[in-house]
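K.L.:
coords please:
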Amino acid sequence: MNVRLAVLTLLVLMLTSSSYGLDKNPVTVLMYHHFDEDPTKSSSAVIHPETFREQLITLKEAGYTSIPERDFYDHLYYGKELPALPLVITIDDGYLSNYEIAYPILKELEMYATIYVVTSYRGEKPGWNEHFSWEQAREMKESGWIEIQGHTHNGHGDIAAGRKNGPFLVTIAAEETKEVYQERIYKDLTEAKQVLEKEIDNEFYSFAFPFGLYNKDVVRFAEEIGYELMYTVKPGRTFSYQNPHTIKRLNASGEYSGEELLKAVKSLP
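P.N.:
Down below sits the predicted model:
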């Protein structure tokens, strides 16, 4: 056996013998955003309540088990055993529809979800959609079915960068040095953590990148501040040996039926 083959063989043996090795039950993470009772508004980011319910029931009947995000964390960091087909449900932004529509359905079906909130938007309407309040966030968290985690403090949007705008987290504005940019990012991520801890006495450990965008500075600062799980918008499943700072998710489009979503889940790499 040559040296290269011996090294590869040893690596495979190490991986397959470890609880952090080649999983037989990789984790599927779904991503949702807004929920709307008007069926004409269904899109890749907006879903009708009955379609949402149908998707979740279809996955349950196919053997997928909704798990709390904390179990996912313990799996990645400590090798916690998970069900055969584990499912993590995530919802980005923190719209009021998450509280009024998604939350009752999740409780009814006894399925867990984590909502990633822009902390400065609580109870406000900064754009087209109103966001739920801190009181509503606390109610959901206390139910045991919902976790509330970070999606920046005020960084879900663009910042002026010369002749055009760019995403807040990954763009150095025209008037900024690299150091000023880094200070801005660090301050925003820190403030999101502090507000979450103050408002809902939260155990703070996960973060969804706005628009799925990140760079080395964002990941480094987020890790320093205390984010231990970080989510992208790239499709794929998560194996326990993979980087917990770039977790893949499948966008559960509002245009998918339950069977179509199941097919998309089964086709994930």
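K.L.:
Just the buried positions in the longest helix belonging to the chain, please.
P.N.:
In the chain, assigned by DSSP state H, the helix with the most residues is helix 178-200. Neighbour-count burial for helix 178-200, with 16 or more other C-beta atoms under 10 Å as criterion, is recorded at 181-182, 184-186, 188-193, 195-196, 199-200. C-beta: built from backbone N, CA, C; applies to glycine.
K.L.:
average pLDDT across the longest strand along the chain?
P.N.:
Across the chain, the longest stretch assigned as strand under DSSP state E is strand 86-93. Averaged across strand 86-93, pLDDT comes to 98.
K.L.:
just checking, what packs against it?
P.N.:
Helices and strands touching strand 86-93, by 3 or more C-beta pairs under 8 Å, 6 or more residues apart in numbering; DSSP states H and E, are strand 28-32, strand 65-66, helix 69-78, strand 113-117.
K.L.:
buried set for the third one?
P.N.:
Applying a neighbour-count criterion of 16+ other C-beta under 10 Å, one finds 69, 70, 71, 72, 73, 75, 76 buried in helix 69-78.
K.L.:
and the residue lying closest to the second one once chain neighbours are set aside, how far is that from residue 269?
P.N.:
Take residue 70 and drop its neighbours on the chain: the residue closest to it by C-beta to C-beta, 6 or more residues apart in numbering is residue 147, 7.4 Å away. In this structure, residue 147 and residue 269 are 27 Å apart, going by C-beta to C-beta, to the nearest Å.
K.L.:
So which of these two has more stuff around it?
P.N.:
The residue with more neighbours, out of residue 147 and residue 269, is residue 147; 21 against 7, by other C-beta atoms under 10 Å.
K.L.:
Could you list the low-confidence segments of the stretch 101-250 of the chain?
P.N.:
Applying pLDDT under 70 to the stretch 101-250 of the chain flags the ranges 163-164.
K.L.:
thinking again about what came up before, for the buried residues of helix 178-200, work out which two are farthest apart.
P.N.:
Farthest-apart pair in those is 181 and 200; separation 29.5 Å (C-beta to C-beta).
K.L.:
How many residues are close by residue 224?
P.N.:
Neighbours around residue 224, by other C-beta under 10 Å: 11.
K.L.:
any residues touching stretch 219-236, and which ones?
P.N.:
29, 31, 69, 72-73, 76-77, 90, 116, 150, 182, 185-186, 189-190, 193, 204-209, 211-212, 214, 244-251, 268-269 (C-beta atoms under 8 Å, 6 or more residues apart in numbering).
K.L.:
so how far is that stretch from its chain's centroid?
P.N.:
The chain centroid and the centroid of stretch 219-236 are separated by 9 Å under C-alpha atoms, centre = their mean, to the nearest Å.
K.L.:
The closest residue to residue 184 other than its chain neighbours is in what secondary structure piece?
P.N.:
In space, and not counting its chain neighbours, residue 184 is closest to residue 176: 7.3 Å by C-beta to C-beta, 6+ apart. Using DSSP states H and E, residue 176 maps to neither a helix nor a strand.
K.L.:
Quick check: residue 176 touching residue 182?
P.N.:
No: judged on C-beta atoms under 8 Å, residue 176 makes no contact with residue 182 at a distance of 9.2 Å.
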